[in-house]
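J.: Sequence and predicted structure below; questions after.
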Amino acid sequence: MSDANEIERFIREHPFFEGMADEHIKRLTGCAERVCFPPGTFIFKEGEEARTFFCIQSGRVALEIHAPPKGSVQIDSRKAGDVVGWSWIVVPYRWYCDVRAVEEVCALAFDGACLRGQWDENPRLGYEMYQRFVPLMHRSLQATRLQLLDIYGAK
Amino acid sequence: MPLPGIATHGDDPMVPHPAPILAVRQETLDVFTLTLDVSSFARPFSPGQFTMLYLFGVGEVPVSISGDPACPERLEHTIRAVGSVTRPMQELKRGAALGVRGPFGSGWPLEAARGKDIILVAGGIGLAPLRPLIYRLRARRDDFGHISILYGVRSPADIVYQDELADWNDAAGMDVSLTVDHASPDWQGNVGVVTTLLDELHCDPGNTLAMTCGPEVMMRFVIRALNHLGIADHQIYVSMERNMQCAVGLCGHCQYGPAFICRDGAVFRFDGIAPFFSIREL
Amino acid sequence: MTREEFPALFTALRDCGYALIGPTLGDQAIVYDSIQGIDDLPIGWTDEQDAGRYRLRRRDDNALFGYNLGPQSWKALLYPPALSLWKARKTDSGFEVLPADGAAPRMAFIGARPCELHAIAVQDRVLSGAGYADPHYVSRRQPVLIIAVQCSQAGGTCFCGSLGTGPRAVQGFDLALTELIAGDRHEFVIEVGSEAGAGILARVPHRPASEVDWSAAQQASARAARQMQRHLDPGGLKALLYRNAEHPRWEEVARRCLACGNCTMVCPTCFCTAVEDVTALDGRSAERLRRWDSCFNRRFAYIHGGSLRDSVRSRYRQWLTHKLASWQDQFGSSGCVGCGRCITWCPVGIDITEEVAALRANGAGAARQQGLCDDE
């Protein structure tokens, strides 16, 4: 178990929070803990309640969708420095894909309800978080659309 | 020792009846519709039911009946040519005979749908088992409320029943929306997975029934989207697919939890199977 | 009835037109096959069974039924491993299906064990009492006469006691024999289970059993019950299995299971079959065959695109969950009769009683660990 100071340091060190004011960072520490997952484990499965978002510190994560009879198809990957989990922001707060640790993964896990509570009190904090999330989503959507083009295909 | 409750069957459901092909229509590159003359042994069928079609000496496959239930003597089946039985079936001409067993399975809930708004969500060839239902809805249009048909396919070339879709929209009082995953250069319609059509739907969730048929992963996300609209599991019906060989609940292949899909399905009310739906590799 | 009088039973059965099917030595095991007379029985032989182990061993007496269970069950006679469903031939307008030939044999089963009687009852429900009645099963099953043999000893893998399917049968037979050997005496206590059985007995020398003999028969069953080494607690099995689809034990057993399907072949209640369509080389005639299949085969759950049960884990889970849980919803009873064959004939010795105990050990707790939403 990490103490509050350590959590604060982890938050400062993670690229997602770069440039965030001290006062906001301090508010975030109460919502976070450090977690680690052994390789191959499912961190979350599709359909489960989405209450957490992760800032990955080390290791690699696969986002997968189980599509029988093919099995699990990996649709995206995340690594150290990335963020995993947006479904906690949006009703109905359910994961829409599986999240699996490919290697051993250590991350900062933020409780979504706690965060939402924090920025209800401090809208400026909410604004700061959205300012960071929206470009990530935009980039991810762009990349996904390019993936759809299947540009390396034979045709 | 005497056996309890032996049923006698004059007509063995394991033996196929030969039925000549009346018509062949190519729907897409690998999807075709066969119309079979079953007038000598026709039985009424419920929309959603399937038959086992036998190609002499080659094999047998389960295929949903895709035609008008008002004309059970002309049995239509829409088939995708994917395997060792369905590929040679695509080469058959008028007059050739296929063996027919059936109809088997459960049907879409026409009675429960009376007086309600209906949402049909189909993916790919999943529109085929819904087509008999659409004919029924059309025949008694006033018995039902608002009807939406949401149809998603891989690309415009994969759309089946193209002319009928336009007719259902324009002349049958139904709202048909189409979407493709991959657009062609001349495609002017929606692009995106079929769940995107649901996101935009306005409906009265308290008085709606939804029915969906397509790949399991598609149905999973459709159900999520339906739930998000306020439509509960007991208002949703799905058509499940499993390996089927005997179609009479005996060979064991189609088991899905405790259900035999050939006998207890393929159409299920979703709340009954919801606990099993999320178990991987069930 | 004395040992000397016993052959008269076979004579009476044959006189009444029955083909005798009974235990005999074959392939280093005791199998059910056509038998002609007493000498075909495995006289003086017994079997030693344990997980993944079956050996024949000589007894120190000449018991006719001194063994427990062979690899087969009566399933092979009633629901044959390969069966022609129909034949067809090409015609100008298509094809025609030819009428089936041959009547089913009239069989007398000699030596059916109490667990096997339960298995036959289970198969009766599955194959003729739950919707579609398989006419091939019905025609073979209907004329069968059953001469059961009560168990005087438990086999190494038996667990009928805990399931209430043995070691003593009270119904499901036409005649039931308990073999008593004490010193010079070698006799059979006979119980009549039906009118057909009474009719056969009337043709055979016999006398009323004494209190002593009846008591000895009961004691033999009690002895068998005491000897049983394995137990399967049937309480709440359905809920246990339905709730533990993600139990870590499935992963563990999958590491050992070869998916060879032996268990399904020897199990007296497994009923899955595959339909096979074949044709003559000239394409003018065709036949539909039905063969035993196994849910352990990778192609069992194949639909276009792949197998829905690709992992061995999912296939073992399917078999066990079906046998002990889903079966109850489908047919109103458990599919397991405690015969222990799956334990004996598993090449790696997987033990169904051990697996169930492991699932019970940390059932719901494990499920929660996996993050499954439990409705508690």
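T.: Cool, got the structure.

J.: residues from the stretch 51-200 of chain B in reach of chain C?
T.: B:54, B:56-60, B:80, B:82-83, B:96-97, B:99 (CB under 8 Å from any CB of the partner chain). The C-beta positions use only the backbone N, C-alpha and C, and glycine is treated the same way.

J.: Confidence-wise, which of the residues you listed comes last?
T.: pLDDT across those is at its lowest for residue B:57, which sits at 88.

J.: residue ranges for the helices of chain A, please.
T.: A:4-13, A:22-29, A:112-121, A:123-148 (DSSP state H).

J.: Those helices into JSON lines, with extra columns for mean neighbour count, distance to residue B:213 and mean pLDDT?
T.: Shown next, in JSON lines, are the helices of chain A (neighbours: other CB atoms under 10 Å in any protein chain shown; distance: least, CB to CB, whole Å; pLDDT from 0 to 100):
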{"stretch": "helix A:4-13", "mean neighbour count": "15", "distance to residue B:213": "48", "mean pLDDT": "93"}
{"stretch": "helix A:22-29", "mean neighbour count": "16", "distance to residue B:213": "46", "mean pLDDT": "93"}
{"stretch": "helix A:112-121", "mean neighbour count": "15", "distance to residue B:213": "35", "mean pLDDT": "91"}
{"stretch": "helix A:123-148", "mean neighbour count": "13", "distance to residue B:213": "24", "mean pLDDT": "92"}
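
J.: Was I right to think residue C:87 contacts residue C:285?
T.: Yes. Here residue C:87 reaches residue C:285: they are 6.7 Å apart, a contact under CB atoms under 8 Å.

J.: where does chain C have low pLDDT?
T.: C:102, C:363-376 (pLDDT under 70).

J.: how's chain C carved up into domains?
T.: C:7-79+C:103-227, C:237-273+C:292-369 (automatic domain parsing).

J.: export these to a markdown table and tack on mean neighbour count and distance to residue A:53?
T.: Formatted as a markdown table, these follow (neighbours: other CB atoms under 10 Å in any protein chain shown; distance: least, CB to CB, whole Å):
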| stretch | mean neighbour count | distance to residue A:53 |
| --- | --- | --- |
| domain C:7-79+C:103-227 | 19 | 49 |
| domain C:237-273+C:292-369 | 20 | 22 |
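
J.: out of the ones you listed, which comes closest to residue B:193?
T.: Evaluated over the domains of chain C, closeness to residue B:193 peaks at domain C:237-273+C:292-369, with 18.2 Å, by CB to CB.

J.: Is chain B within reach of that closest one?
T.: Yes. Residues of domain C:237-273+C:292-369 contacting chain B under CB under 8 Å from any CB: C:242, C:245-246, C:271-273, C:293, C:295, C:300-304, C:308-311, C:313-314, C:318, C:322, C:325-326, C:329-330.

J.: Do any residues in that domain lie close to chain A?
T.: Yes. Applying CB under 8 Å from any CB, one finds domain C:237-273+C:292-369 touching chain A at C:302-308, C:310.

J.: Just flag the most distant two among those residues.
T.: C:304 and C:310 (14.4 Å).

J.: Just the buried ones from the residues of the stretch 51-200 of chain B next to chain C, in ChimeraX syntax?
T.: Here is the ChimeraX command that selects the buried residues among these (16 or more other CB atoms under 10 Å in any protein chain shown):
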select /B:54,56,57,58,59,60,80,96,97,99
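
J.: Sort out which of the residues of the stretch 51-200 of chain B next to chain C are in strands and list them.
T.: Counted as lying in strands by DSSP state E, out of those, are B:54, B:59-60, B:80, B:97, B:99.

J.: Distance to chain A for the residues you listed - can I get that in TSV?
T.: Listed next are those as TSV, based on distance: CB to the nearest CB, whole Å:
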residue	distance to chain A
B:54	24
B:59	19
B:60	20
B:80	15
B:97	32
B:99	27
